[in-house]
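J.: Next comes the sequence, and after it the predicted model I'd like to discuss.
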Amino acid sequence: MAQPWDYIAKIVSLGDSGSGKSSLTIRLCEGRFVSHHDVTIGVEFGSRIVPVGPPASLEYNINNPVKTVAEPPAPAPAPAPAPVPKSKGGKSKAVNAVVQKEPEQKHMKLSLWDTAGQETYKSITRSYFRGASGALLVFDITRRTTFNSVTSWLHDLRQIAEENIVVILVGNKSDLAPSSTVTGDSSAPNRRQVTREEAEEWCRTNQVMQYVETSAKSGENVERAFLEVAERIYQNIEAGKYDLNDRRSGVKGPGVGGGGNAGRTVNLGIRDGASGKKAGIMGGCC
């Protein structure tokens, strides 16, 4: 039986304790929300198979920014039509149109390493940054202290991980922050303490590719966060930036390791809930 993935990529999630890293992993792998999760000791593991590259990346508009259309130049004079080739009988030859074949969908198995956020375990969790090809840097948008810590976490990651690691910033618990404005009242319906503009500015300053706001509780944008990382890793593979035979790259190609998808298949859609209406995204949690 053919393996259901073309590549394996190691992804780590890091950030302060209580920011929701484990809840995001469980939501992605199992499509459910755990309201009370024990503090992660060291590292927990999960996996998920996702589509990368076209046609899925175009359908879901993942890493496919809309280009600004410039003012078109003045039209050039139309060239004279080419002469139609004639057969011996003087009749025109029919030219067969070339049918464009839709590209074969590629899939990537995300090997997810959910690291502990407590200072006590930092010496352990840092070692798991090595060999990662992607990272989700997670903070809680209702607790400013967790956002203040992301610079330190990013510094630790870049000291240990490979130079070209793909990093995105994730502001979790958006279900507790329906408004974009900051409030100091923790009992108010809107408990946001970090604005989207502030987080996006931090990304620009620290050369982090993107900012995504998620809710592990509702499922909003959870899959998109992981797919954004996966798609950029795939583009790096296509550009030849990884040695697929070098374990330090954090990416493996076909024919590496076991031959199957461990665990059950979870059909979740890109609409970030557990509706399962979108096909093409498979997953298994180990």
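T.: Arrived safely, thanks for sending.

J.: can you pull the contacts of the residue lying closest to residue 235 once chain neighbours are set aside?
T.: Nearest residue to residue 235 in three dimensions, chain neighbours excluded: residue 63, at 7.1 Å (Cβ to Cβ, 6 or more residues apart in numbering). In short, each C-beta sits where N, CA and C put it, glycine included. By Cβ atoms under 8 Å, 6 or more residues apart in numbering, the contact set of residue 63 is 57, 228, 231, 232, 235.

J.: swap in residue 254?
T.: 3, 6, 7.

J.: Distance check, the residue nearest to residue 235 against residue 191.
T.: Separation of residue 63 from residue 191 (Cβ to Cβ, to the nearest Å): 31 Å.

J.: And residue 241, by the same measure?
T.: From residue 241 to residue 191 the distance is 40 Å (Cβ to Cβ).

J.: and residue 211, which of the three is it?
T.: Three-state call for residue 211 (DSSP: H, G, I helix; E, B strand; the rest coil): strand.

J.: Test my guess that it contacts residue 168.
T.: Yes. Under the criterion of Cβ atoms under 8 Å, residue 211 makes contact with residue 168 at 7.1 Å.

J.: isn't there a helix covering residue 170?
T.: No. Counting by three-state DSSP, residue 170 falls outside a helix, being strand.

J.: Who are the contact partners of the residue nearest to it when sequence neighbours are not counted?
T.: Spatial nearest neighbour of residue 170, excluding adjacent residues (Cβ to Cβ, 6+ apart): residue 138 at 4.6 Å. With contact taken as Cβ under 8 Å, 6+ apart, residue 138 is in contact with 13, 14, 15, 19, 20, 21, 24, 170, 172.

J.: Which parts of the stretch 101-250 of the chain are helices?
T.: 122-125, 144-148, 150-160, 196-205, 222-238 (DSSP state H, counting those that start in this stretch).

J.: got the buried residues for stretch 155-175?
T.: 157-158, 161-162, 165-175 (16 or more other Cβ atoms under 10 Å).

J.: Right, I'll call it a day here.
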